[in-house]
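Colleague: Any chance you can model this:
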Amino acid sequence: AMAIFNLIKSKKAGLRRNLSRNKILNKVENSTKIPKEWLVIGTSFIIFFCLNSGKGAAFVSNSIGFLYPARGTFLALENGRESKQWLAYWLIFGVLTIPESALKLQHWISFYYIIKVFFLVWCYLPQTCGALYIYESIFQNVLATEETNSEDLTSESEMVRIDS
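Modeller: Reported below is the predicted structural model:
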């Protein structure tokens, strides 16, 4: 039992060290007097409960899928650089969100919102660049084919107009 207690204590100390780099958490800790590691653990449990119980799950998953990427997109725009990663992410977010609302996927797929959150986080994290991977392996080929088809249709309609 003592070994487990020491392991938990060392993990908590490591978490505190990692969280100390975050300025926002430091400010929240100073103003609330609640240790930052407990804020993160408590918030994580609340989020997990919402996603698992269905109470506010759509709001929580869409917030997680929107807030950090919106900040990343804003920073990319402010720094004057185009970010293919964020463009790819918003394409995937839209492709996922539109059918979700129309088809009520959460009723068909168990743990849908938990799966969605893990998928979106994988897509937007700079360490994984999942959105870019999906774009380059799936969407790029499909959209390039569609663009070629629409160019063919455009040139055919121009030829018809010229002949008329």
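
Colleague: Next, count neighbours for S63.
Modeller: Counted with other CB atoms under 10 Å, the neighbours of S63 add up to 13. For every residue, glycine as well, the C-beta is placed using N, CA and C.

Colleague: In contact with the most centrally placed residue in the chain, which residues?
Modeller: Nearest to the geometric centre of the chain sits L120, at 3.3 Å (CA atoms, centre = their mean). By CB atoms under 8 Å, 6 or more residues apart in numbering, the contact set of L120 is S61, I64, G65, F93, L96.

Colleague: can you check I109 too?
Modeller: I115.

Colleague: Quickly note the distance from it to E100.
Modeller: 10 Å (CB to CB, to the nearest Å).

Colleague: How about M2?
Modeller: 48 Å.

Colleague: Between these two, which has more neighbouring residues?
Modeller: Between M2 and E100, counted using other CB under 10 Å, the more crowded position is E100 (18 against 6).

Colleague: Which other helices and strands does the helix or strand harbouring that one contact?
Modeller: Using DSSP states H and E, E100 maps to helix 84-103. When contacts are defined as 3 or more CB pairs under 8 Å, 6 or more residues apart in numbering; DSSP states H and E, helix 84-103 sits against helix 57-78, helix 112-124, helix 130-134.

Colleague: Would you convert those into TSV that also reports mean pLDDT and distance to K23?
Modeller: Formatted as TSV, the helices and strands packed on helix 84-103 follow (pLDDT from 0 to 100; distance: least, CB to CB, whole Å):
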stretch	mean pLDDT	distance to K23
helix 57-78	93	14
helix 112-124	95	21
helix 130-134	95	27
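
Colleague: Using a markdown table, lay out those helices together with distance to I46.
Modeller: What follows is the helices and strands packed on helix 84-103, written out as a markdown table (distance: least, CB to CB, whole Å):
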| stretch | distance to I46 |
| --- | --- |
| helix 57-78 | 9 |
| helix 112-124 | 13 |
| helix 130-134 | 25 |
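
Colleague: So for C50, which of those helices sits nearest?
Modeller: Ranking the helices and strands packed on helix 84-103 by proximity to C50 (CB to CB) places helix 57-78 first, at 4.6 Å.

Colleague: contacts for stretch 83-98?
Modeller: Stretch 83-98 has contacts (CB under 8 Å, 6+ apart) with 62, 65-66, 69, 72-73, 76, 116, 119-120, 123-124, 126, 129, 131-132, 134-136, 139.

Colleague: No further questions, thank you.
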